[in-house]
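*Asks:* prediction below, plus the sequence it came from.
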Amino acid sequence: MYYKKLVGEHLYLSPMDIENEADIMTKWLNEDQDIAYFNGFYGSLMGEDKIRDMMSRWNEGPFVFSIVSLEDNAFMGHISLFNIASHELHVTMGIYLGKEYRHKGYGSEAIKLLCDYIFDTQRFNAIHLEVFGFNEHAVKAYKKAGFVECGRWHKALYHLGEYHDIILMELLKENYK
């Protein structure tokens, strides 16, 4: 079951519903090359039990949301914040969407909802993320949301026979909106 924790124009962010999402996630992580490539799952065999365990661990975090369509309550993906330390004022963000929801503005809307919540309601001052250099669509979406490149790990990822950079990006509260 989903709950409208953070509501946007086309979607809302809800606590995860593992029972509803595990079979969808199993399909995505095994058949959707973009999700597998861009999120580091390409070389993994991911059965439904393994997915459920992984999602249960993710769900222990305080800021793990399902992205859900307002129109039909369809599960669209996940957005989360992790690497949270109580003595620090920054977090790391991760997001992915199912194939049918990409390149339609849903990722940008989910990022905005989460940033509004983190900067306006929580105490955080910065959001960081890592993105593979070959994921040009994600880099463009993050820049559109206000993230800027703040570093790079050169040739830090070996993927499909080539070395790629991992781009480090950040969004500071003072630069948001």
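*Replies:* Structure received. Only a predicted model underlies this, so the values are computations on that prediction, with no experimental measurement involved. Numbering: from 1, shown residues only.
*Asks:* centroid residue for this protein?
*Replies:* Residue closest to the average C-alpha location in the chain (C-alpha atoms, centre = their mean): residue 95, at 1.1 Å.
*Asks:* element containing that residue, please.
*Replies:* Counting by DSSP states H and E, the element that carries residue 95 is strand 90-97.
*Asks:* residue ranges with poor pLDDT in this protein?
*Replies:* Applying pLDDT under 70 to the chain flags residues 36-44, 85-87.
*Asks:* all the strands of it, residue numbers only.
*Replies:* Using DSSP state E, the strands of the chain run over 6-7, 11-15, 63-69, 75-82, 90-97, 126-132, 148-159, 162-172.
*Asks:* would you turn these into JSON lines with distance to residue 104?
*Replies:* Heads up, the C-betas are built off the backbone N, CA and C, glycines and all. Below are these laid out as JSON lines (distance: least, C-beta to C-beta, whole Å):
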{"stretch": "strand 6-7", "distance to residue 104": "18"}
{"stretch": "strand 11-15", "distance to residue 104": "10"}
{"stretch": "strand 63-69", "distance to residue 104": "11"}
{"stretch": "strand 75-82", "distance to residue 104": "10"}
{"stretch": "strand 90-97", "distance to residue 104": "9"}
{"stretch": "strand 126-132", "distance to residue 104": "19"}
{"stretch": "strand 148-159", "distance to residue 104": "24"}
{"stretch": "strand 162-172", "distance to residue 104": "22"}
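*Asks:* what's the closest of these to residue 51?
*Replies:* strand 75-82 (11.9 Å; C-beta to C-beta).
*Asks:* list the buried residues in that closest one.
*Replies:* By 16 or more other C-beta atoms under 10 Å, the buried positions in strand 75-82 come out as 75-81.
*Asks:* repeat for stretch 100-111
*Replies:* 101-102, 106-111.
*Asks:* also stretch 1-16?
*Replies:* So, applying 16+ other C-beta under 10 Å, buried residues of stretch 1-16: 2, 6, 8, 11-14, 16.
*Asks:* farthest-separated two in the residues you listed?
*Replies:* 8 and 16 (17.7 Å).
*Asks:* who touches residue 75 in this structure?
*Replies:* Counting by C-beta atoms under 8 Å, 6 or more residues apart in numbering, residue 75 makes contact with 17, 20-21, 24, 66-68, 98.
*Asks:* neighbour count added to these, as CSV?
*Replies:* Listed next are the contacts of residue 75 as CSV, based on neighbours: other C-beta atoms under 10 Å:
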residue, neighbour count
17, 16
20, 14
21, 19
24, 15
66, 25
67, 26
68, 24
98, 19
